[in-house]
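Engineer: turn this into a model:
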Amino acid sequence: MTQIKNTKSLCPECLKILDAEVYSEGNEIFIEKECPDHGNFKNTYWHDAEAYEKAVKYESKPHRLTNLKHAEGECPANCGLCDQHESQTILGIIDVTNRCNLRCPICFANAAVSGTLYEPSQDEIREMLRTLRKNQPVETPAIQYSGGEPTVRDDIVDLIRMAKEEGFVHTQIATNGIALANDETLAVRLKDAGLNTVYMQFDGVTEEPYLKTRNANILHKKIEAIENCRKAGLGIVLVPTLVKGINDDQVGDIIQFALDNLDVIRGVNFQPVAFAGRTPANEIDQIEKQRITIDDFIANVEDQTDGRIKKDTFYSASTVAPISEFISALQGTEDEVTLTCHEHCGVGTYVFKEKDGSIIPITDFINVDKFMAMLEDATEELDKHSKIGNTKAVIKAIRDLPGTVDTKKSPSYIDIVSLLKNIFIKQDYEALGDFHINALLVSCMHFMDPFNFDQDRVHRCVIHYATPDGRIIPFCTMNNIYREGIEEQFHVPIGSDRAKIIMENIQKEKEKRMNSSDE
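Structural biologist: Numbering: from 1, shown residues only. Below is the predicted model:
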């Protein structure tokens, strides 16, 4: 056993904050802690120590917000954000309801069964949007409406329009796609209101996974939703929840499905199941048997794509931080959005599809390590804050850029060197559109549960919930600790005028669906 670090974690039974140790044993990484009331817990952190160590190389430096509250107590107690937090809010999330039109056996939000009705008013949602936009020096650029199922609200289109009014550059909804399938006008109305992306639950290319993960045969609804988004010109990111023994054998097929539908699907973000809320493992001794880690995912990708997308194609999400830091230094500002999540939170890569159907991973034609090192060197020159330094940095970047790219292996439809020059030297961000032609983002984000909870990852979280009490709460602490209390505190009392309106709207939607099915 080799110790790697000390951190804080949670007791899976009582959620008490505990001292924890992360260490390697054989070729695996474990996290272990002991609760005085519930005993010792030893759980897998990563299955592959080599992959874990590779990720450590891409740790990013902190990019703190400046308007954080003073920390009260030990993290993750009294989440705020507080001055222990080290990253910006890259994506804000607002749960607009806890109602849902499914009863999935796996749901980290435990939607639709809490016994309370949580559905913030439009005024409350606007205030939460404004809270996210008050972050300094970087206002939250992107918002996701989630739940529950956000499309069960009859005003979801108005809520998207509201997010645009409040200045969000990117808007998306996390949805199971059923409403988009049932109402062919919804995608059009959402697109017209300013929706950028449909973040759609998609657990497999056959019916079987849905029967187990969603308790419903809804693959055909997914296909109908995709077709309606295609007609509307609305981009989709597929979001498979991976569960061992249920759909982890479909990773390659899901990627191929996305490649076959690149005109409408922009990416696939795989999410190994987190054991919070409703999960398929009701007994603690089942957790280890059902655990899928990020390194398991990338091994599955290589195996199930017959080596076309290899394990070393994937890099930690934090790898890209030098890009934003270079642009910020070039512009002489501190307000550039920078992805500084913890290096063990997620991985990603881009693959490009040629006309003959073959795929080219980005690492085939860009040396990622050399490219990022080049940007770090240029940023160091720019940080000298002199005109001579700026000129030298730009000249050096132009000179060194070709040495990071193999143009003979790049996609035939992209002049990769010219494109990168336009993005980083001329600051022509419209060139990013050319980069995404026939490109698919393949990523994996592994959210934490009380078993593998790591305080260090919380400090670097970049996905944050806004809540009605004015707080901004990191994703994994919200879903493991705070959700139930917030829903209870801000629920809509049954019998209130607002509850009556919501229930009337629910009845109208039911009648509408029944009438459409009769036709």
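Engineer: residue boundaries of the strands in the stretch 51-200 of the chain?
Structural biologist: With DSSP state E, counting those that start in this stretch as the definition, the stretch 51-200 of the chain shows strands at residue ranges 91-95, 142-146, 170-175, 197-201.
Engineer: figure out which of the ones you listed is closest to Val462.
Structural biologist: strand 91-95 (6.9 Å; Cβ to Cβ). Every residue, glycine included, has its C-beta placed from N, CA and C.
Engineer: name the residues that touch that closest one?
Structural biologist: For strand 91-95, contacts defined as Cβ atoms under 8 Å, 6 or more residues apart in numbering pick out 109, 118, 120, 125, 128-129, 132, 140, 142-148, 168, 174, 462-466, 472, 475.
Engineer: that older thread, as JSON lines, the strands of the stretch 51-200 of the chain with distance to Asp253 and mean pLDDT would be great.
Structural biologist: Shown next, in JSON lines, are the strands of the stretch 51-200 of the chain (distance: least, Cβ to Cβ, whole Å; pLDDT from 0 to 100):
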{"stretch": "strand 91-95", "distance to Asp253": "27", "mean pLDDT": "98"}
{"stretch": "strand 142-146", "distance to Asp253": "26", "mean pLDDT": "97"}
{"stretch": "strand 170-175", "distance to Asp253": "22", "mean pLDDT": "97"}
{"stretch": "strand 197-201", "distance to Asp253": "16", "mean pLDDT": "98"}
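Engineer: I'd like those as CSV, with distance to Gln84 appended.
Structural biologist: What follows is these, written out as CSV (distance: least, Cβ to Cβ, whole Å):
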stretch, distance to Gln84
strand 91-95, 19
strand 142-146, 23
strand 170-175, 27
strand 197-201, 29
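Engineer: Ile29 is nearest to which of those strands?
Structural biologist: So among the strands of the stretch 51-200 of the chain, strand 91-95 is nearest, using Cβ to Cβ, at 26.7 Å.
Engineer: list the buried residues in that closest one.
Structural biologist: Across strand 91-95, burial judged by 16 or more other Cβ atoms under 10 Å covers Leu91, Gly92, Ile93, Ile94, Asp95.
Engineer: that one vs strand 170-175, what angle?
Structural biologist: 40 degrees (axes from the mean of the first three to the mean of the last three Cα atoms, to 10 degrees).
Engineer: off-centre distance for strand 91-95?
Structural biologist: 11 Å (Cα atoms, centre = their mean, to the nearest Å).
Engineer: about what we covered before: to Asn422, which of the strands of the stretch 51-200 of the chain lies closest?
Structural biologist: Using Cβ to Cβ, the nearest of the strands of the stretch 51-200 of the chain to Asn422 is strand 170-175, at 21.4 Å.
Engineer: so which elements touch that closest one?
Structural biologist: strand 142-146, helix 156-165, strand 197-201 (3 or more Cβ pairs under 8 Å, 6 or more residues apart in numbering; DSSP states H and E).
Engineer: direction included, what does that strand pair against?
Structural biologist: When pairing is defined by DSSP bridges, strand 170-175 lines up against strand 142-146 (parallel), strand 197-201 (parallel).
Engineer: what does the last one contact?
Structural biologist: Read that as strand 197-201. 144, 170-177, 180, 187, 190, 214, 222, 225-226, 229, 234-241, 266, 269.
Engineer: same thing with stretch 290-306?
Structural biologist: With Cβ under 8 Å, 6+ apart as the criterion, stretch 290-306 contacts 43-48, 51-52, 55, 242-245, 248-249, 251-253, 255-256, 270, 272-273, 275, 280-281, 309-311, 314, 344, 346-347, 442, 444, 446.
Engineer: ok, of the residues you listed, which come out buried?
Structural biologist: Buried among the contacts of stretch 290-306 by 16+ other Cβ under 10 Å: 43-48, 51-52, 55, 242-244, 248, 251-252, 255-256, 270, 272-273, 275, 280-281, 309, 311, 314, 344, 346-347, 442, 444, 446.
Engineer: in strands, which of those fall?
Structural biologist: The strands, defined by DSSP state E, take in Asn43, Thr44, Tyr45, Trp46, Leu242, Phe270, Pro272, Gly346, Val347, Val442, Cys444 from the buried ones among the contacts of stretch 290-306.
Engineer: show me what the second one is bridged to.
Structural biologist: In this case it means Thr44. Phe30.
Engineer: quick check: it vs His38, distance?
Structural biologist: Per Cβ to Cβ, to the nearest Å, Thr44 is found 19 Å from His38.
Engineer: thinking again about what came up before, got JSON lines for the helices and strands packed on strand 170-175, with mean neighbour count too?
Structural biologist: Listed next are these as JSON lines, based on neighbours: other Cβ atoms under 10 Å:
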{"stretch": "strand 142-146", "mean neighbour count": "23"}
{"stretch": "helix 156-165", "mean neighbour count": "20"}
{"stretch": "strand 197-201", "mean neighbour count": "22"}
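Engineer: make CSV out of the ones you listed and add distance to Arg498.
Structural biologist: Converted to CSV, the helices and strands packed on strand 170-175 look like this (distance: least, Cβ to Cβ, whole Å):
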stretch, distance to Arg498
strand 142-146, 19
helix 156-165, 16
strand 197-201, 27
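Engineer: to Thr407, which of the ones you listed lies closest?
Structural biologist: Comparing these under Cβ to Cβ, the one sitting nearest is strand 197-201, at 30.9 Å.
Engineer: now do the closest one: distance to the chain's middle.
Structural biologist: 11 Å.
Engineer: quick one: the helices in the stretch 201-350 of the chain?
Structural biologist: 208-213, 219-232, 251-260, 284-290, 294-304, 321-331 (DSSP state H, counting those that start in this stretch).
Engineer: Throw those helices into TSV and include distance to Leu81 and mean pLDDT, thanks.
Structural biologist: Formatted as TSV, the helices of the stretch 201-350 of the chain follow (distance: least, Cβ to Cβ, whole Å; pLDDT from 0 to 100):
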stretch	distance to Leu81	mean pLDDT
helix 208-213	32	93
helix 219-232	34	98
helix 251-260	34	98
helix 284-290	29	80
helix 294-304	25	97
helix 321-331	19	82
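Engineer: nearest to Ala373, of the helices and strands packed on strand 170-175?
Structural biologist: strand 142-146 (28.2 Å).
Engineer: contacts for the closest one next, please.
Structural biologist: Contacts for strand 142-146 (Cβ under 8 Å, 6+ apart): 90-96, 109, 129, 132, 156, 159-160, 163, 168-174, 199.
Engineer: just give me the closest of the buried residues of strand 91-95 to Phe453.
Structural biologist: Ile93 (18.8 Å).
Engineer: ok, the closest one to Pro240 distance?
Structural biologist: From Ile93 over to Pro240 (counting by Cβ to Cβ), the distance is 19 Å.
Engineer: for the stretch 351-500 of the chain, give me the ranges with low pLDDT.
Structural biologist: When residues are selected by pLDDT under 70, those of the stretch 351-500 of the chain lie in 385-390, 424-432.
Engineer: and the helices in it?
Structural biologist: Using DSSP H, counting those that start in this stretch, helices in the stretch 351-500 of the chain cover 368-382, 387-400, 416-424, 431-435, 455-459, 475-477, 483-489, 497-518.
Engineer: just want the angle from the first one to helix 387-400.
Structural biologist: By that I understand helix 368-382. 160 degrees.
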